[in-house]
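Enquirer: The following block contains a protein sequence and its predicted model.
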Amino acid sequence: MRRAAPLLLSLVLLSLSACSGQQAPRVVTPSQGHASQADFGALRVYYNLLPTLAMNESVARSYGVQRDAGQALLVVALRQRNGAEDQPVDGTVTATATDLSGRQQQVVLRTVKTGAYTDHVGSVQISDHDTLRFAVQVAAAGGTGTLRFERGF
């Protein structure tokens, strides 16, 4: 048994080296968010999820977040559709994020003024190779609804 242990260890290490496909390690580059929108009657909802490292310092400061590899910022903007222009509208937003293992995060949202508009923002914890599924409930004059989307990191 003692003689088999080094041989077994060598085989395990050899098989693990094959997992990389002989690829050299790559530098991590933060991904940009994918802005999206959804309409619920006259209510238009713009939403985005960005890794905070993808934000420049001034944008992160304006939203009151720290740039961190383990954090992403959910941004939800409610607008009243009025012809070709969107108008600011007050409303409520709640959100949850669930990873593929079923672990759920309640996203604590707060409002941030950006000019004449108000955005709803909240942070979520992320990790490499993570996929999060979001359920975002919105309600405002003109419509209510739930939007669902998924983002990978």
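Expert: Structure's in. What do you need?
Enquirer: give the contact list for residue 68.
Expert: Residues in contact with residue 68 (C-beta atoms under 8 Å, 6 or more residues apart in numbering) are 52-53. All C-beta spots, glycine's among them, are computed from the backbone N, C-alpha and C.
Enquirer: By residue count, what's the longest strand in this structure?
Expert: Looking across the chain with DSSP state E, the single longest strand is strand 71-82.
Enquirer: Buried residues of it, list them for me.
Expert: Residues 72-81 are the ones in strand 71-82 that count as buried (16 or more other C-beta atoms under 10 Å).
Enquirer: Would you mind writing the CA trace of the next helix or strand after it as CSV?
Expert: Using DSSP states H and E, the helix or strand that follows strand 71-82 in sequence is strand 85-88. The C-alpha trace of strand 85-88 is given here as CSV (Å, rounded to 0.1, in the frame of the first residue of the first chain):
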residue,chain,number,x,y,z
GLU,A,85,-39.9,60.4,-24.9
ASP,A,86,-39.6,58.7,-21.5
GLN,A,87,-40.6,60.7,-18.4
PRO,A,88,-39.5,60.1,-14.8
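Enquirer: Show me which residues of strand 85-88 are buried.
Expert: Neighbour counts over strand 85-88 (16+ other C-beta under 10 Å) mark residue 86 as buried.
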